[in-house]
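[1] would you be able to build a 3D model of this:
(2 chains)
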Amino acid sequence: MKIVVPVKRVIDANVKVRLKADGSAVDSDNAKMSMNPFDEIAVEEAIRLKEAGAAGEIVAVSIGSDACQDVLRAALAMGADRALLIRTEAVLEPLAVAKLLREVVAREQPRLVICGKQSTDGDANQAGQMLAGLLGWPQATFASKLDLGTDGATVTREIDGGLEIIAVTLPAVVTTDLRLNSPRYTTLPNIMKAKKKPLDVVALDEFGVDTRPRLTTLGLAEPAARSAGVRVADVAELLAKLKNEAKVI
Amino acid sequence: MTALIIAEHDNGSLKSATANTIAAARQLGVEIHVLVAGSACSAAAEQAARLRGVGKVLMADARHYEGGLAENLAALIVSLAPSYSHVLAPATTFGKNVLPRVAAQLDVGQVSDIVEVLAPDTFVRPIYAGNVLAKVRSDDPIKVITVRATAFEATGQGGTAPIDTIAPGPDLGMSRLLERELTHSSRPELTEAKIVVSGGRGLQSGENFKLLETLADRLGAAIGASRAAVDSGFVPNDYQVGQTGKIVAPQLYIAVGISGAIQHLAGMKGSKVIVAINKDPEAPIFQVADYGLTADLFQAVPELISALGQ
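    So this is what the prediction gives:
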């Protein structure tokens, strides 16, 4: 069973982002870039399925500039077999991403697509569900456990009230939540091996997909910063402040 | 122009985030219909009909809507959507799951997790873990939107909307709910509580969370946790406050043994008053705390409990 795993290059989740001085965009100059953490979990899950004999080839896909080759190489170093970069300088919305991934699915014919549930830059939490919707496939989002059979999958999902277990038919789209697995560290030999694995680059235009934006960003702003308050000496002072000053208890 | 609100419910009752979503829709200046799709869900539909601002409730009652799974529900919403200018759902795990599927099948974009309505087509939404607020305009004919519940005060009671029963769509047979393991608690729900007591890695074990439970009960508070505490297995996943967990905005948030990673701050920095208790004076949580107490939580929390008990 072939698995497609989309991966996105984002500003590292541990970097506190700032806007450029003119407020036009997020300042990504010199910021550390990484694979979106949820996508890393998706790659790891695909590799574990392969190691367990439940999956065959794993194809990692990214969409963006040539710089995105670094996250594809990272996926290959983790254990993906092949990679595809859909090259564009445009920043695409989730709907456009889902439409491109639909074309990838048509070419690759996987039985399973594993996506990160959201990217830590856009925080949209849309692409996987949109891809499933476009394909007419079932979706198992926010997965914390995935059991793959030949005709279907049983997926434990993290929901607001706790957990939910669903059964979906295959092919399907699964999106990952944090507790699905802990991604492995890549080793130097695997990083070297990854350099020899195939990485195709295809221009976005070759897909003939309508990727025009549907949203217009009118402005960006940083939220009003919370100023650090006061340190209290002990529990008694804390309670006094909460009762008399903040009046919240 | 009319907005369709997708109600979140458990068939017997409406989830509170639905009322917050209706509040956001009321700011659009349009008529409001609410879709209650479920199985034996008339009680939930009746609750929706009593909410202020609701013009009509559409009820679709069929076994295959019981669990609110995305495939059948999205198909139903897509069939209704052409009559509407807006489709809104709460940005809960329910709404986040269903609505992007709807948007894609309508060939429109989605505006996720809005915190402000500026115009019927213009909204503010947080990106980068809430470190940037983006003002965005949707240029699509149908605006598909998820709403951050804590950013809008819930609409109240007082409505008397009619309930129209509509024909359910087919069962597409792609997904089935097998089981739900819900966390049962007598405490208030995390996203609705006036006071939240949250624990992090500093608690060291699930056993030690009992300390926070006692504190929470003294305060009538809900209990939350950092990602580190959930990943370590101290508490279940639904306790997680943060960028990818729950977003809370209580009157008082007490962070105990939480260092204050960016993704955690994203989930709680909208709280009115923040208290941090941490033995590390350099912990980033102190940078957002109104009141910081540098102390060993295993001394400070029992002291708090006993002081509150007097």
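
[2] for the longest strand along chain A, packing partners?
    In chain A, taking DSSP state E as the definition, the longest strand is strand A:139-148. Strand A:139-148 sits against helix A:37-51, helix A:127-135, strand A:152-159, strand A:162-169, strand A:172-176, helix B:70-80, helix B:93-106, with contacts defined as 3 or more Cβ pairs under 8 Å, 6 or more residues apart in numbering or on different chains; DSSP states H and E. Glycine gets a C-beta too; all of them are placed from N, C-alpha and C.

[3] need those in JSON lines with distance to B:Ala19, can you?
    Compiled in JSON lines, the helices and strands packed on strand A:139-148 are given as follows (distance: least, Cβ to Cβ, whole Å):
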{"stretch": "helix A:37-51", "distance to B:Ala19": "30"}
{"stretch": "helix A:127-135", "distance to B:Ala19": "24"}
{"stretch": "strand A:152-159", "distance to B:Ala19": "19"}
{"stretch": "strand A:162-169", "distance to B:Ala19": "22"}
{"stretch": "strand A:172-176", "distance to B:Ala19": "28"}
{"stretch": "helix B:70-80", "distance to B:Ala19": "19"}
{"stretch": "helix B:93-106", "distance to B:Ala19": "14"}
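
[4] what residue lies at the spatial centre of chain B?
    Nearest residue to the geometric centre of chain B (Cα atoms, centre = their mean): B:Thr92, 4.4 Å.

[5] now for it: which residues touch it?
    By Cβ atoms under 8 Å, 6 or more residues apart in numbering or on different chains, the contact list for B:Thr92 reads A:Asp160, B:Glu8, B:Lys15, B:Ala17, B:Ala149.

[6] I figured B:Thr214 hits B:Ser306, correct?
    No: contact criterion Cβ atoms under 8 Å: B:Thr214 and B:Ser306 do not qualify, at 10.0 Å.

[7] when these two are compared, which one has more neighbours?
    B:Thr214 (18 against 12; other Cβ atoms under 10 Å in any protein chain shown).

[8] excluding sequence neighbours, find me the nearest residue to the residue of chain A found nearest chain B.
    The nearest approach of chain A to chain B comes at A:Arg214, 3.2 Å away (Cβ to the nearest Cβ). In this structure, A:Arg214 finds its nearest non-sequential neighbour in B:Gly109, 3.2 Å apart by Cβ to Cβ, 6 or more residues apart in numbering or on different chains.

[9] likewise A:Ala167?
    Per Cβ to Cβ, 6+ apart, closest to A:Ala167 is B:Arg176, 4.7 Å.

[10] which element, helix or strand, includes the one you found?
    Element membership of B:Arg176 [criterion: DSSP states H and E] is strand B:175-182.

[11] which helices and strands does the next helix or strand along the chain from that strand pack with?
    For strand B:175-182, the following helix or strand on the C-terminal side (DSSP H and E) is strand B:195-199. Contact partners of strand B:195-199 among helices and strands, from 3+ Cβ pairs under 8 Å, 6+ apart: helix B:209-219, strand B:222-225, strand B:252-256.

[12] let's have these in TSV, adding mean pLDDT.
    Converted to TSV, those look like this (pLDDT from 0 to 100):
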stretch	mean pLDDT
helix B:209-219	97
strand B:222-225	98
strand B:252-256	98
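
[13] on that earlier part again, among the contacts of B:Thr92, which lie within helices?
    If you go by DSSP state H, these have B:Ala17 in helices.

[14] any idea which of the contacts of B:Thr92 has the most stuff around it?
    Taking other Cβ under 10 Å as the neighbour criterion, B:Ala149 ranks highest of these with 29 neighbours.

[15] please tell me how far it sits from B:Gln110.
    According to Cβ to Cβ, to the nearest Å, B:Ala149 and B:Gln110 sit 17 Å apart.

[16] ok, B:Pro120 to B:Thr2 distance?
    B:Pro120 is 11 Å from B:Thr2, by Cβ to Cβ.

[17] CA atoms only for stretch A:59-78 - export them in PDB, please.
    C-alpha atoms of stretch A:59-78 as PDB (Å, rounded to 0.1, in the frame of the first residue of the first chain):
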ATOM      1  CA  VAL A  59       6.100   9.500  -1.100                       C
ATOM      2  CA  ALA A  60       6.700  12.800   0.600                       C
ATOM      3  CA  VAL A  61       5.300  15.900  -1.200                       C
ATOM      4  CA  SER A  62       6.000  19.600  -0.500                       C
ATOM      5  CA  ILE A  63       4.800  22.700  -2.300                       C
ATOM      6  CA  GLY A  64       6.800  25.900  -2.300                       C
ATOM      7  CA  SER A  65      10.200  27.300  -3.300                       C
ATOM      8  CA  ASP A  66      13.400  25.300  -3.900                       C
ATOM      9  CA  ALA A  67      14.200  25.900  -0.200                       C
ATOM     10  CA  CYS A  68      11.500  23.300   0.600                       C
ATOM     11  CA  GLN A  69      13.900  20.600  -0.600                       C
ATOM     12  CA  ASP A  70      15.400  20.700   2.900                       C
ATOM     13  CA  VAL A  71      12.200  19.400   4.500                       C
ATOM     14  CA  LEU A  72      11.800  16.800   1.800                       C
ATOM     15  CA  ARG A  73      15.400  15.600   2.400                       C
ATOM     16  CA  ALA A  74      14.500  15.500   6.100                       C
ATOM     17  CA  ALA A  75      11.500  13.200   5.300                       C
ATOM     18  CA  LEU A  76      13.800  11.000   3.100                       C
ATOM     19  CA  ALA A  77      16.300  10.800   5.900                       C
ATOM     20  CA  MET A  78      13.600   9.700   8.300                       C
END
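
[18] go through that stretch and flag the buried ones.
    A:59-64, A:68-69, A:71-78 (16 or more other Cβ atoms under 10 Å in any protein chain shown).

[19] again, but for stretch B:76-89
    Buried residues in stretch B:76-89 (16+ other Cβ under 10 Å): B:Leu76, B:Ile77, B:Val78, B:Leu80, B:Ala81, B:Tyr84, B:Ser85, B:His86, B:Val87, B:Leu88, B:Ala89.

[20] ok, A:Asp39 - contacts?
    Applying Cβ under 8 Å, 6+ apart, we find A:Asp39 in contact with A:Val5, A:Pro6, A:Val7, A:Lys8, A:Val71, A:Cys115, A:Gly116, A:Ser119, A:Thr176.

[21] ok, B:Val30 touching B:Ala3?
    Yes: if you go by Cβ under 8 Å, B:Val30 and B:Ala3 touch, sitting 5.0 Å apart.

[22] overlap in contacts of those two?
    B:Ser85, B:His86.

[23] higher neighbour count, the two?
    Legend: neighbour count by other Cβ under 10 Å for B:Val30 and B:Ala3, higher for B:Ala3 (25 against 16).
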